[in-house]
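*Asks:* Here's my sequence, what's the structure:
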Amino acid sequence: MLRRDFIKIIGISAGAMSLGCKSGDMFAAKSRPNILWLIAEDLSPDLGCYGNRLVKTPNLDKLASEGTMFTNVFATASVCSPSRSAFLTGMYQTSIDSHHHRTSNPRPLAKGNRLISEHFRENGYFVFNGEADNLSAPGKMDVNFLYDESSIEGTDWRQRKNGQPFFGMIQFKETHRDFVRDTKNPIDPAAVELPPYYADHQLVRRDWANYLEDIQILDGKVGGILRRLEADGADNTIIVFLGDHGRPMIRDKQFLYDGGIHIPLIIKWPGGIPAGKTEDSLISTIDIGPSCMRLAGIDIPGHIHGRPFVDNNTAEREFIFAARDRCGEAADRIRCVRSKKYKYIRNFHPNIPYTQFSAYKEIQYPVLHLMRQLYCENKLNDVQKRFMAAVRPYQELYDIEKDPFEINDLSQKAEFQGILNDFSGQLDQWIKDTNDAGEIPEDYQAEVQWYINNQKWYSETLKERGITNDTPAAHVEYWTTLLGG
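*Replies:* Reported below is the predicted structural model:
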C-alpha cells in the first residue's frame, strides 16, 4: 500500500494537514478522533493474521481485517523501560538518558521533551492509562524518567467529560513471563516451529507453546476491550494495537535480533484508514505517537525523532535503529541499523558473553539453563552453540530477506565489505546525530547496586525453588517438573 493511499482517505485530519491548520483550529470536540493504544508486553508478530498457523487470535485477526496491518515495525529497544521511554515520547531513549533498564536515579526529561500524551491533553483530550484486567487501576508506564503523574488523568475512557475526545492506553500483561496457559485451546508442543538457533528439545517446545497459548489469552482480553468500546459507541476511534518489544525468549528479548525488536502493529479507523490492507514500510515505534498527533491535527514539535508515517510529505524510512544497554545488573552496549534487506549489529563489548549473568533470565528462562547443559555436553550444533560462546563478534551482518533467523553472519565475507562499511557508517552517523548517551559511561555504582539487589533476588528464588545445587541440570530438572517437560 502506498502512503498516499493512506492519506487520501483520512478525510478531516488529512484536510487539516493540507490546509496547514494549527492544533484546535479546525475541529470541534465531537469531530476529533479518539485515540486508543492497546499495548501488549513482550510480543513478536506471532499472531494468526501475521501467518502463525498454530495460534488462535480471532479478535486481533478481525482487527487486522478491519484496519491496516504493518509488517515492518521495530522497537528502538528490546526491553520494556527504554522501549517505552522512547515510543511514549517519540524520542530515541539513547538521546533522553533513558537507555538503561532500569535507571537507578531517574530525573525529569530535559526541557522540551515530553510525553506524547501531554500534547493531547493540551489540545483538549482526556488522557488515561488503564490496566486491561481492571480499568479502575493505572496501567503500566515503566519509563526511565520522572514525569508529572497528574498529566495522566484517569484509567478509563468512561471517566471523561461528555463529548470530550480521549487519548488512552490500555496495558496487557500477557506474554510477559510467567506465561498463562490456555486450557480451552491448548497448543501441541510437537507442532511448534522452533527457530534453528534453539535446541529441538521437549522443554523448549513446551516453553514456546506456553508463550503461544498466552497470546491466545491476550487475544481474548483484547476482544473484551474492543466489545466494550463498541458498546459505548466510540465509532470515531483510532485503535492502535502494538507490542512494546519482542518475545521473551533467549536471544530475543534484550538483544537486537529481530526476535527482540520486531513487533506487530495494527491500526483501525473506520473511514479513515484502509481496511484489510498490509503495509511493509519500515516503521519505528517512535513514529507511532507523532503519527497519531498528525491524525488528530496536533502540531508535532520539530525536534521529535519520530516521523508521522501517515503523512504523504514524510519520507519513508530507509533504516531503523535500535539499542540495548544495561539490563538490570547485566551491563552491555549493542546497536543495530536495519534496512528491509540487511541488518548490521555492533557489539561494543565483544568479550562479554551473550549469556552473562542476569538474574531475571536465570530465574525466568528455562531454555537458558537447558542450552547451557547441552552446550557443556556438546549436544548443540554450530548454529545453536554460537549464542552460548564466551565471546562474540564486534560486528555482525545479515541478509534478512534470505536469512530471517539471522544465523549466517556475512561480516567476514569479502563480497559484503562494501555493505558492511555502509551500514557501519550509517550507525556512526546516527550515534553522532542523536547524541547517543551510550557513549558516556554510566556511574559504576548503579551497576554495582543492581548486582547486589539481583544477587539477593536470585539467592532467595533458589531457596524458594529448593535448588541447592546451582547447576544447569538442577534448573532443568526444576523447570521440567514445573512445566511437564
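*Asks:* hey, where'd the helices end up in this structure?
*Replies:* 3-8, 12-19, 58-66, 80-87, 116-122, 202-231, 258-261, 288-295, 359-364, 366-376, 382-386, 417-433, 444-465, 472-483 (DSSP state H).
*Asks:* And for the fifth one, what's in contact with it?
*Replies:* Yep, that's helix 116-122 we're talking about. 23, 35, 88-90, 127, 129, 148, 151-153, 167, 169, 289-290, 292-293, 296, 298-299 (CB atoms under 8 Å, 6 or more residues apart in numbering). Quick note: C-beta positions are derived from backbone N, CA and C, even for glycine.
*Asks:* Just the buried residues of it, please?
*Replies:* Within helix 116-122, the residues that count as buried by 16 or more other CB atoms under 10 Å are Ile116, Ser117, Glu118, His119, Phe120, Arg121.
*Asks:* just the third one next, same as before
*Replies:* Residues of helix 58-66 classed as buried: Asn59, Leu60, Asp61, Lys62, Leu63, Ala64, Glu66 (neighbour count, 16+ other CB under 10 Å).
*Asks:* so the last one touches Lys277, yeah?
*Replies:* Going back to what we said before, that points to Glu66. No: using CB atoms under 8 Å, Glu66 makes no contact with Lys277, being 10.4 Å away.
*Asks:* ok so, going back, what subset of the contacts of helix 116-122 is buried?
*Replies:* For the contacts of helix 116-122, buried by 16+ other CB under 10 Å: 23, 35, 88-90, 127, 129, 152-153, 167, 169, 289-290, 292-293, 296, 298.
*Asks:* taking these one by one, which sit in strands?
*Replies:* Ile35, Val127, Asn129, Phe167, Met169 (DSSP state E).
*Asks:* Excluding chain neighbours, what is closest to Leu242?
*Replies:* For Leu242, ignoring the flanking residues on the chain, the nearest one in space by CB to CB, 6 or more residues apart in numbering is Leu265 at 4.9 Å.
*Asks:* still on that earlier bit, from the ones in strands among the buried ones among the contacts of helix 116-122, which two are the most distant?
*Replies:* Spatial extent of these (CB to CB) is set by the pair Ile35 and Asn129 at 12.4 Å.
*Asks:* Need the overlap of contacts for the two.
*Replies:* With CB under 8 Å, 6+ apart as the test, Ile35 and Asn129 both reach Gly168.
*Asks:* contacting residues around Thr76?
*Replies:* Taking CB under 8 Å, 6+ apart, we find Thr76 in contact with 82-83, 86-87, 92-93, 261, 284-286, 320-323.
*Asks:* Can you check the pLDDT for Gly233?
*Replies:* pLDDT, Gly233: 89.
*Asks:* Can we start the residue count at 51 from this point?
*Replies:* Okay, residue one is now 51; in that scheme the one you just asked about reads as Gly283.
*Asks:* can you give me phi and psi for it?
*Replies:* phi 70, psi 30 (degrees, to the nearest 10).
*Asks:* what's the neighbour count on Pro443?
*Replies:* Residues contacting Pro443 under the criterion other CB atoms under 10 Å number 15.
*Asks:* same deal with Leu196?
*Replies:* Leu196: 12 neighbours (other CB under 10 Å).
*Asks:* What's opposite it in the beta bridge?
*Replies:* Taking DSSP bridges as the rule, Leu196 bridges to Pro158.
*Asks:* Does it touch Asn155 like I think?
*Replies:* No: Leu196 is beyond contact range of Asn155, at 9.8 Å (criterion: CB under 8 Å).
*Asks:* before we move on, back to that, just give me the closest of the buried residues of helix 108-116 to Trp319.
*Replies:* Ranked by distance to Trp319 (CB to CB), these are led by Glu116 at 9.5 Å.
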